[in-house]
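In: Next come a sequence and a model predicted from it.
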Amino acid sequence: QKEVEQNSGPLSVPEGAIASLNCTYSDRVSQSFFWYRQYSGKSPELIMSIYSNGDKEDGRFTAQLNKASQYVSLLIRDSQPSDSATYLCAVASGGSYIPTFGRGTSLIVHP
Amino acid sequence: DAGVIQSPRHEVTEMGQEVTLRCKPISGHDYLFWYRQTMMRGLELLIYFNNNVPIDDSGMPEDRFSAKMPNASFSTLKIQPSEPRDSAVYFCASRGTSGTWEQFFGPGTRLTVL
(Lines give C-alpha, C1' and ligand atoms only; values in the text may rest on other atoms or scores of the structure.)
Protein backbone atom coordinates (compact mmCIF):
# COMPACT_ATOMS: atom_id res chain seq x y z
CA GLN A 1 0.00 0.00 0.00
CA LYS A 2 1.58 3.24 -1.16
CA GLU A 3 1.24 5.95 1.46
CA VAL A 4 1.64 9.70 1.25
CA GLU A 5 1.62 11.49 4.59
CA GLN A 6 0.96 15.16 5.28
CA ASN A 7 0.28 17.08 8.44
CA SER A 8 -3.37 18.12 8.20
CA GLY A 9 -2.73 21.47 9.89
CA PRO A 10 -3.98 24.08 9.83
CA LEU A 11 -0.69 25.83 9.29
CA SER A 12 -1.13 29.49 10.11
CA VAL A 13 1.41 32.07 8.92
CA PRO A 14 1.37 35.87 8.77
CA GLU A 15 1.20 37.66 5.45
CA GLY A 16 4.67 38.05 3.93
CA ALA A 17 6.15 35.07 5.75
CA ILE A 18 7.45 31.81 4.28
CA ALA A 19 5.04 28.89 4.49
CA SER A 20 6.65 25.44 4.57
CA LEU A 21 4.55 22.40 3.70
CA ASN A 22 5.93 18.90 4.08
CA CYS A 23 5.15 15.47 2.68
CA THR A 24 6.64 12.00 3.16
CA TYR A 25 6.01 8.93 1.03
CA SER A 26 6.49 5.21 1.48
CA ASP A 27 7.24 3.91 -2.04
CA ARG A 28 10.99 4.09 -2.61
CA VAL A 29 10.66 3.76 -6.39
CA SER A 30 8.50 6.87 -6.70
CA GLN A 31 9.66 9.08 -9.54
CA SER A 32 7.20 11.95 -9.91
CA PHE A 33 6.03 14.38 -7.28
CA PHE A 34 3.28 16.97 -7.49
CA TRP A 35 1.79 19.72 -5.39
CA TYR A 36 -1.86 20.62 -5.96
CA ARG A 37 -3.70 23.57 -4.45
CA GLN A 38 -7.37 23.22 -3.59
CA TYR A 39 -9.46 26.20 -2.55
CA SER A 40 -12.50 25.49 -0.40
CA GLY A 41 -15.32 24.16 -2.55
CA LYS A 42 -13.14 23.95 -5.65
CA SER A 43 -11.21 21.26 -7.47
CA PRO A 44 -7.46 20.60 -7.12
CA GLU A 45 -5.14 22.41 -9.52
CA LEU A 46 -1.48 21.59 -10.15
CA ILE A 47 0.98 24.25 -9.01
CA MET A 48 4.31 22.39 -9.02
CA SER A 49 5.84 19.17 -10.27
CA ILE A 50 9.34 17.86 -9.51
CA TYR A 51 11.14 14.78 -10.77
CA SER A 52 14.75 14.95 -9.53
CA ASN A 53 16.49 15.65 -6.24
CA GLY A 54 17.01 19.26 -5.31
CA ASP A 55 15.02 22.44 -5.61
CA LYS A 56 12.70 23.68 -8.32
CA GLU A 57 11.54 27.27 -8.24
CA ASP A 58 8.53 28.84 -9.94
CA GLY A 59 7.77 32.37 -8.89
CA ARG A 60 7.02 32.43 -5.16
CA PHE A 61 6.88 28.62 -5.01
CA THR A 62 9.82 26.26 -4.46
CA ALA A 63 9.50 22.49 -4.42
CA GLN A 64 12.24 20.51 -2.68
CA LEU A 65 12.82 16.79 -3.19
CA ASN A 66 15.01 14.40 -1.20
CA LYS A 67 14.52 10.87 -2.48
CA ALA A 68 16.95 9.35 0.04
CA SER A 69 14.79 10.64 2.87
CA GLN A 70 11.56 10.09 0.91
CA TYR A 71 10.59 13.66 1.57
CA VAL A 72 9.16 16.43 -0.59
CA SER A 73 8.30 19.94 0.51
CA LEU A 74 6.73 23.11 -0.83
CA LEU A 75 7.88 26.56 0.23
CA ILE A 76 5.72 29.60 -0.44
CA ARG A 77 7.62 32.87 -0.12
CA ASP A 78 5.91 36.19 0.63
CA SER A 79 2.71 34.36 1.56
CA GLN A 80 -0.52 36.15 0.67
CA PRO A 81 -4.03 35.69 2.05
CA SER A 82 -4.96 34.39 -1.41
CA ASP A 83 -2.60 31.44 -0.77
CA SER A 84 -4.96 30.21 1.95
CA ALA A 85 -6.05 26.80 0.71
CA THR A 86 -5.43 23.09 1.17
CA TYR A 87 -2.24 21.81 -0.45
CA LEU A 88 -2.23 18.22 -1.65
CA CYS A 89 0.98 16.27 -2.18
CA ALA A 90 0.82 13.56 -4.86
CA VAL A 91 3.42 10.89 -5.62
CA ALA A 92 3.64 8.60 -8.66
CA SER A 93 5.83 5.68 -9.69
CA GLY A 94 7.04 4.94 -13.18
CA GLY A 95 5.01 3.43 -15.97
CA SER A 96 1.60 5.04 -16.08
CA TYR A 97 2.45 7.72 -13.48
CA ILE A 98 -0.81 7.37 -11.59
CA PRO A 99 -0.41 9.50 -8.45
CA THR A 100 -1.34 8.68 -4.88
CA PHE A 101 -2.59 11.75 -3.03
CA GLY A 102 -1.97 12.77 0.55
CA ARG A 103 -4.87 14.11 2.56
CA GLY A 104 -3.61 17.65 2.34
CA THR A 105 -2.39 20.43 4.62
CA SER A 106 -4.63 23.40 5.28
CA LEU A 107 -2.76 26.71 5.04
CA ILE A 108 -4.10 29.94 6.50
CA VAL A 109 -2.32 33.19 5.71
CA HIS A 110 -3.56 35.95 7.98
CA PRO A 111 -3.14 39.67 7.27
CA ASP B 1 -10.82 24.26 -24.36
CA ALA B 2 -13.61 24.23 -21.79
CA GLY B 3 -11.74 21.95 -19.43
CA VAL B 4 -13.19 18.85 -17.84
CA ILE B 5 -16.97 19.07 -17.62
CA GLN B 6 -19.00 17.29 -14.96
CA SER B 7 -22.71 17.08 -14.38
CA PRO B 8 -24.67 17.49 -12.27
CA ARG B 9 -22.78 19.85 -9.95
CA HIS B 10 -25.00 18.94 -7.03
CA GLU B 11 -27.13 15.87 -6.49
CA VAL B 12 -29.41 15.17 -3.55
CA THR B 13 -31.07 11.80 -3.50
CA GLU B 14 -32.63 9.34 -1.12
CA MET B 15 -31.09 6.13 0.03
CA GLY B 16 -31.73 3.30 -2.42
CA GLN B 17 -31.98 5.48 -5.49
CA GLU B 18 -29.73 5.17 -8.51
CA VAL B 19 -27.27 8.00 -9.09
CA THR B 20 -25.44 8.67 -12.35
CA LEU B 21 -22.56 11.13 -12.55
CA ARG B 22 -21.27 12.30 -15.92
CA CYS B 23 -17.93 13.52 -17.21
CA LYS B 24 -16.56 14.93 -20.45
CA PRO B 25 -12.75 14.94 -20.49
CA ILE B 26 -10.54 17.44 -22.24
CA SER B 27 -10.37 16.70 -25.95
CA GLY B 28 -7.27 14.71 -26.85
CA HIS B 29 -6.67 13.37 -23.36
CA ASP B 30 -6.54 9.59 -23.26
CA TYR B 31 -6.58 9.03 -19.51
CA LEU B 32 -9.71 9.57 -17.42
CA PHE B 33 -9.91 9.26 -13.65
CA TRP B 34 -12.77 9.15 -11.15
CA TYR B 35 -12.02 10.27 -7.59
CA ARG B 36 -14.05 10.58 -4.41
CA GLN B 37 -13.17 13.14 -1.74
CA THR B 38 -14.33 13.14 1.87
CA MET B 39 -13.02 14.77 5.02
CA MET B 40 -12.33 11.39 6.56
CA ARG B 41 -10.54 9.68 3.67
CA GLY B 42 -9.24 12.53 1.55
CA LEU B 43 -9.00 12.14 -2.25
CA GLU B 44 -9.40 8.50 -3.29
CA LEU B 45 -8.92 7.11 -6.78
CA LEU B 46 -11.89 4.95 -7.69
CA ILE B 47 -11.09 3.89 -11.25
CA TYR B 48 -9.17 5.07 -14.28
CA PHE B 49 -9.45 4.49 -18.02
CA ASN B 50 -6.85 4.60 -20.78
CA ASN B 51 -8.16 4.92 -24.32
CA ASN B 52 -11.68 4.18 -23.03
CA VAL B 53 -10.58 0.89 -21.43
CA PRO B 54 -10.83 0.45 -17.63
CA ILE B 55 -7.32 -0.21 -16.35
CA ASP B 56 -7.63 -0.29 -12.57
CA ASP B 57 -10.90 -0.39 -10.65
CA SER B 58 -9.41 -1.58 -7.36
CA GLY B 59 -10.54 1.64 -5.69
CA MET B 60 -14.22 1.07 -6.41
CA PRO B 61 -15.65 0.49 -2.93
CA GLU B 62 -18.12 -2.24 -3.80
CA ASP B 63 -20.34 -3.69 -6.50
CA ARG B 64 -22.84 -0.88 -6.09
CA PHE B 65 -20.38 1.30 -8.00
CA SER B 66 -19.82 0.95 -11.73
CA ALA B 67 -18.15 3.13 -14.36
CA LYS B 68 -18.21 3.18 -18.12
CA MET B 69 -16.49 5.06 -20.88
CA PRO B 70 -18.34 4.34 -24.14
CA ASN B 71 -16.24 6.80 -26.13
CA ALA B 72 -13.34 9.21 -25.78
CA SER B 73 -15.54 12.14 -24.82
CA PHE B 74 -17.87 10.70 -22.21
CA SER B 75 -17.79 8.68 -19.01
CA THR B 76 -20.30 7.81 -16.31
CA LEU B 77 -20.04 6.73 -12.70
CA LYS B 78 -23.13 4.98 -11.41
CA ILE B 79 -24.12 4.10 -7.86
CA GLN B 80 -26.99 1.68 -7.45
CA PRO B 81 -28.40 1.55 -4.84
CA SER B 82 -27.03 4.65 -3.15
CA GLU B 83 -26.35 4.81 0.60
CA PRO B 84 -25.77 7.76 2.98
CA ARG B 85 -22.07 6.80 3.29
CA ASP B 86 -21.68 7.51 -0.43
CA SER B 87 -22.13 11.22 0.28
CA ALA B 88 -18.98 12.93 -0.96
CA VAL B 89 -17.59 15.11 -3.73
CA TYR B 90 -16.85 13.09 -6.84
CA PHE B 91 -14.21 14.46 -9.20
CA CYS B 92 -13.43 13.46 -12.74
CA ALA B 93 -9.97 14.25 -14.11
CA SER B 94 -8.25 13.73 -17.43
CA ARG B 95 -4.65 13.64 -18.60
CA GLY B 96 -2.57 13.27 -21.72
CA THR B 97 0.35 10.89 -22.15
CA SER B 98 3.25 13.29 -22.28
CA GLY B 99 4.54 16.46 -20.79
CA THR B 100 4.10 17.11 -17.10
CA TRP B 101 1.71 14.21 -16.35
CA GLU B 102 -0.64 16.85 -15.00
CA GLN B 103 -4.15 15.77 -14.21
CA PHE B 104 -6.85 18.35 -14.94
CA PHE B 105 -9.78 18.11 -12.59
CA GLY B 106 -13.40 18.90 -13.28
CA PRO B 107 -15.43 21.06 -10.87
CA GLY B 108 -16.80 18.00 -9.08
CA THR B 109 -20.24 16.68 -8.21
CA ARG B 110 -21.35 17.11 -4.61
CA LEU B 111 -23.50 14.08 -3.80
CA THR B 112 -25.75 13.95 -0.76
CA VAL B 113 -27.62 10.74 -0.03
CA LEU B 114 -30.34 11.17 2.59
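Out: That came through fine. Numbering: from 1, shown residues only, chains lettered A, B, ... in the order given.
In: what's stretch B:36-43 in contact with?
Out: A:44, A:88, A:101-104, B:35, B:44, B:46, B:87-91, B:108 (C-beta atoms under 8 Å, 6 or more residues apart in numbering or on different chains). Quick note: C-beta positions are derived from backbone N, CA and C, even for glycine.
In: Can you pick out the most distant pair from those residues?
Out: A:G102 and B:S87 (22.2 Å; C-beta to C-beta).
In: what about the two, which has more around it?
Out: A:G102 (26 against 16; other C-beta atoms under 10 Å in any protein chain shown).
In: In terms of pLDDT, where does that one sit?
Out: Per-residue confidence (pLDDT) for A:G102: 94.
In: Quick check: which ranges of the chain have low pLDDT?
Out: This is for chain A. The model of chain A has pLDDT under 70 over residues A:1, A:95.
In: looking at chain B here, not the other one
Out: Using pLDDT under 70, the flagged stretches of chain B are B:1, B:98-100.
In: Contact residues of chain A facing chain B?
Out: Applying C-beta under 8 Å from any C-beta of the partner chain, we find that chain A lies next to chain B at A:32, A:34, A:42-46, A:49, A:88, A:92, A:96-104.
In: Would you list the buried entries among those residues?
Out: Neighbour-count burial (16 or more other C-beta atoms under 10 Å in any protein chain shown) applied to the residues of chain A next to chain B gives A:32, A:34, A:43-44, A:46, A:49, A:88, A:92, A:97-104.
In: Whether the helix or strand containing B:V12 contacts chain A - can you check?
Out: Per DSSP states H and E, B:V12 falls inside strand B:10-13. No - residues of strand B:10-13 contacting chain A under C-beta under 8 Å from any C-beta: none, with a closest distance of 11.3 Å.
In: how near is B:I5 to chain A?
Out: 12 Å (C-beta to the nearest C-beta, to the nearest Å).
In: what helices or strands is the following helix or strand past the strand holding B:V12 leaning on?
Out: On the C-terminal side of strand B:10-13, the closest following helix or strand by DSSP H and E is strand B:19-24. If you count contacts as 3 or more C-beta pairs under 8 Å, 6 or more residues apart in numbering or on different chains; DSSP states H and E, strand B:19-24 packs onto strand B:5-7, strand B:10-13, strand B:74-79, strand B:88-95, strand B:109-113.
In: The residue most central in space within chain B sits in which helix or strand?
Out: Residue closest to the mean C-alpha point of chain B, counted by C-alpha atoms, centre = their mean, is B:W34 at 3.1 Å. Element membership for B:W34, per DSSP H and E: strand B:31-38.
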